[in-house]
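Participant: quick one, structure for this:
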Amino acid sequence: MEELKRAIRSIPDFPKEGIVFKDITTLIKDGGLFRKTVDIFAERYRDSGIEVVVSVEARGFIFGAAIAYALGAGVIPVRKPGKLPHDTHEAVYELEYGTDKLEIHRDALPRGSRVLLVDDLLATGGTCAATVELIERLGGEIVGIAFLIELTFLKGREKLKGHDIFSIIEYASEDE
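Facilitator: Okay, the predicted model is just below:
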């Protein structure tokens, strides 16, 4: 895990002042580290009966698709408004630096589907909580929620109570 953590670059004051952005491009450009990351997720969920992986725009797509492939599962994208071509459900959420909306196709998954929710980073939990709302509105059964990075000092888990949450890398402060 330390090898993966060392590969992530911190960018101060991005996307706005006071935010320390965790840049994963320095990890995913290394084929071996990217494979190792996907393998960690796949091994954890291999025997969980995952039918679909729901991933969040945009960096969540990178891991979500690869994990779904490794598990033999389908992939469902959750996107910003106006990006999906068919009828959608919408959820509003708060970021650490504003508010936004997410959408999922109304016919994205059959009721009772076993779902793994994947995103690159858990910060305040708003994005993920909105995605959970969308999955549950469609009747999906969330088996787990997985992140490459968790900023534990922002307490995002509190918005996701009752769900099994897994993070490969944790940062306990912005200074890490």
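Participant: rest of the way, CA atoms for contacts and neighbours
Facilitator: Will do.
Participant: what are the ranges of the strands in this protein?
Facilitator: Listed in chain order, the strands of the chain (DSSP state E) span 9-12, 20-23, 52-56, 74-78, 88-95, 98-105, 114-122, 141-151, 165-171.
Participant: any chance of these in TSV, plus mean neighbour count, mean pLDDT and distance to residue 38?
Facilitator: As requested, the strands of the chain are exported to TSV (neighbours: other CA atoms under 10 Å; pLDDT from 0 to 100; distance: least, CA to CA, whole Å):
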stretch	mean neighbour count	mean pLDDT	distance to residue 38
strand 9-12	14	95	19
strand 20-23	16	94	17
strand 52-56	27	97	13
strand 74-78	21	98	15
strand 88-95	16	88	26
strand 98-105	17	90	24
strand 114-122	24	97	11
strand 141-151	21	98	9
strand 165-171	16	98	10
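Participant: which residues does residue 42 contact?
Facilitator: Neighbouring residues of residue 42 by CA atoms under 8 Å, 6 or more residues apart in numbering: 67, 70, 71.
Participant: which non-adjacent residue is nearest residue 27?
Facilitator: Closest residue to residue 27 apart from its sequence neighbours, by CA to CA, 6 or more residues apart in numbering: residue 7 at 5.0 Å.
Participant: start to end distance for stretch 129-145?
Facilitator: Across stretch 129-145, the terminal residues are separated by 10 Å (CA to CA, to the nearest Å).
Participant: please apply the same query to stretch 23-42.
Facilitator: 22 Å.
Participant: please identify the buried residues of it?
Facilitator: 24, 27, 28, 33, 34, 37, 38, 39, 41, 42 (16 or more other CA atoms under 10 Å).
Participant: does the fourth one touch residue 27 like I think?
Facilitator: Yes. The pair residue 33 / residue 27 is scored as a contact, 6.3 Å apart, by CA atoms under 8 Å.
Participant: what touches both of these two?
Facilitator: In contact with both residue 33 and residue 27: residue 4, using CA under 8 Å, 6+ apart.
Participant: show me the contacts for the residue nearest the centre of the chain.
Facilitator: Residue closest to the average C-alpha location in the chain (CA atoms, centre = their mean): residue 119, at 1.1 Å. Shown in contact with residue 119 (CA under 8 Å, 6+ apart): 55, 56, 59, 60, 61, 63, 64, 128, 146, 147, 148.
Participant: mind putting these into a markdown table with distance to residue 20?
Facilitator: Shown next, in a markdown table, are those (distance: CA to CA, whole Å):
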| residue | distance to residue 20 |
| --- | --- |
| 55 | 23 |
| 56 | 20 |
| 59 | 17 |
| 60 | 19 |
| 61 | 22 |
| 63 | 21 |
| 64 | 24 |
| 128 | 19 |
| 146 | 21 |
| 147 | 17 |
| 148 | 16 |
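Participant: hmm, which two among the residues you listed are most spread apart?
Facilitator: Greatest spacing in the contacts of residue 119, by CA to CA: 63 and 128 (15.0 Å).
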